[in-house]
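Novice: kindly return the folded structure for what I paste below:
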Amino acid sequence: MLNVIAVAIGAAVGANLRYGISLWAAQRFGAAFPYGTLLVNVLGCIVIGALLTFAATRLTLSEPTRLLLVTGLLGGFTTFSSFGYEAYALFTTGNWLSSALYVLGSLALGLVGVTLGVALARLITG
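Specialist: Okay, here's the model as predicted:
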């Protein structure tokens, strides 16, 4: 139960950070381009890269702490950070083809998924 609570708390904080940064970016730079999402995605990738590197080399994180920070906080902030780290991990372990397929597949299938979702919603709403 502690793990579930850790994820929930981290996710709530991460989602609110994302919301705040997105609002700030839209006010600062305008809403014609998704600056907030871009900023959140890049920041999330920097943080997950540093955090998981420290966890592998210098820090000992308990399971609830790792879940709070990585799955909860960064997951609520942006799942793009997980995507970026997983693609990096595949690439650096010599699985460059798997990494490329993961990146291209995620982008392509994500766009297909959005397109299907829009089409389904339009079909339902007439």
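Novice: low-confidence stretches in the protein?
Specialist: Scanning the chain with the threshold set as pLDDT under 70 gives no residue ranges.
Novice: could you pull out the helices for it?
Specialist: Taking DSSP state H as the criterion, the chain carries its helices at 2-29, 35-57, 63-66, 75-77, 80-92, 96-125.
Novice: by contact count, what packs against the last one?
Specialist: Other elements packing on helix 96-125 under the criterion 3 or more C-beta pairs under 8 Å, 6 or more residues apart in numbering; DSSP states H and E are helix 80-92. (Each C-beta comes from the backbone N, C-alpha and C, glycine too.)
Novice: give me the domain ranges for this protein.
Specialist: Using automatic domain parsing, the domain parsing of the chain gives 2-79, 94-126.
Novice: packed most tightly, which of those would that be?
Specialist: Using mean count of other C-beta atoms under 10 Å, the stretch among those with the largest mean neighbour count is domain 2-79, at a mean of 16.
Novice: just to revisit the earlier point, could the domains of the chain go into JSON lines alongside distance to residue 85?
Specialist: Output for the domains of the chain, formatted as JSON lines (distance: least, C-beta to C-beta, whole Å):
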{"stretch": "domain 2-79", "distance to residue 85": "5"}
{"stretch": "domain 94-126", "distance to residue 85": "11"}
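Novice: between the ones you listed, which one is closest to residue 86.
Specialist: For residue 86, the closest of the domains of the chain is domain 94-126, at 6.8 Å, according to C-beta to C-beta.
Novice: and that closest one, how far out from the chain's middle?
Specialist: Distance, stretch centre to chain centre, for domain 94-126: 16 Å (C-alpha atoms, centre = their mean, to the nearest Å).
Novice: what of stretch 32-48?
Specialist: For stretch 32-48, the distance to the chain centre is 9 Å (C-alpha atoms, centre = their mean).
Novice: and the residue most central in space within the chain, how far is that from residue 94?
Specialist: Nearest residue to the geometric centre of the chain (C-alpha atoms, centre = their mean): residue 79, 1.8 Å. Distance from residue 79 to residue 94, counting by C-beta to C-beta, to the nearest Å: 25 Å.
Novice: thanks a lot, see you next time.
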